[in-house]
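**Q** Need coordinates for the following:
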Amino acid sequence: NAFTAPPSPSSRFMTANIPAFTRAQLDTRRHNAIDSFNSIMKNWGKKANAAHILIKPRTLPEAEAKDFLFKLKEEIGNDPVKFAAAAKEHSSCP
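**A** Residues are numbered from 1 along each chain as shown. As a prediction, this is how the structure comes out:
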């Protein structure tokens, strides 16, 4: 057809060659640092509590440590008093 309209300026951008890459190829370290800083500023002054039972490496082989912790979890359930007692007795955390 002799009377086809020239492409509009906006369609030129829509058909531009967009590079194909995966998320793994992006360097996101700078953004992670910015996100971390923003999170620190947002949560400044807030208090957090953590509860854990730490078993030092080499105290038990990995498989035995996992079995021990699963059994301990079954005994404790969701009881905070039992957890505190188990942490005091078994945790390597100061």
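
**Q** From Leu60, how far out is Asn78?
**A** The gap separating Asn78 from Leu60 is 24 Å, by CB to CB, to the nearest Å. Glycine gets a C-beta too; all of them are placed from N, C-alpha and C.

**Q** Oh, that last question was meant for Asn43, not what I typed.
**A** From Asn43 across to Leu60, the span is 35 Å (CB to CB).

**Q** coming back round to it: higher neighbour count, Asn78 and Leu60?
**A** Comparing Asn78 with Leu60 by other CB atoms under 10 Å, the one with more neighbours is Leu60, at 14 against 7.

**Q** where does the chain dip in pLDDT?
**A** Counting by pLDDT under 70, the ranges of the chain that qualify are 1-24, 26-31, 50, 94.

**Q** where exactly do the helices run in it?
**A** Listed in chain order, the helices of the chain (DSSP state H) span 9-14, 29-42, 62-76, 80-90.

**Q** Export these as TSV, with columns for mean neighbour count and distance to Lys56.
**A** Shown next, in TSV, are the helices of the chain (neighbours: other CB atoms under 10 Å; distance: least, CB to CB, whole Å):
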stretch	mean neighbour count	distance to Lys56
helix 9-14	8	58
helix 29-42	10	28
helix 62-76	12	10
helix 80-90	13	11
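
**Q** export those to CSV and tack on distance to Ala51?
**A** Formatted as CSV, those follow (distance: least, CB to CB, whole Å):
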stretch, distance to Ala51
helix 9-14, 53
helix 29-42, 21
helix 62-76, 11
helix 80-90, 6
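
**Q** looking at those helices, which is closest to Ile53?
**A** Shortest distance between Ile53 and the helices of the chain, using CB to CB, is found for helix 80-90: 5.1 Å.

**Q** which residues touch that closest one?
**A** Residues outside helix 80-90 that contact it (CB atoms under 8 Å, 6 or more residues apart in numbering) are Ala51, His52, Ile53, Ile55, Leu72, Glu75, Ile76, Cys93.

**Q** Specify which member of these is nearest to Ile34.
**A** Closest to Ile34, out of all of the contacts of helix 80-90 and judged by CB to CB, is His52, at 28.6 Å.

**Q** Thank you, goodbye.
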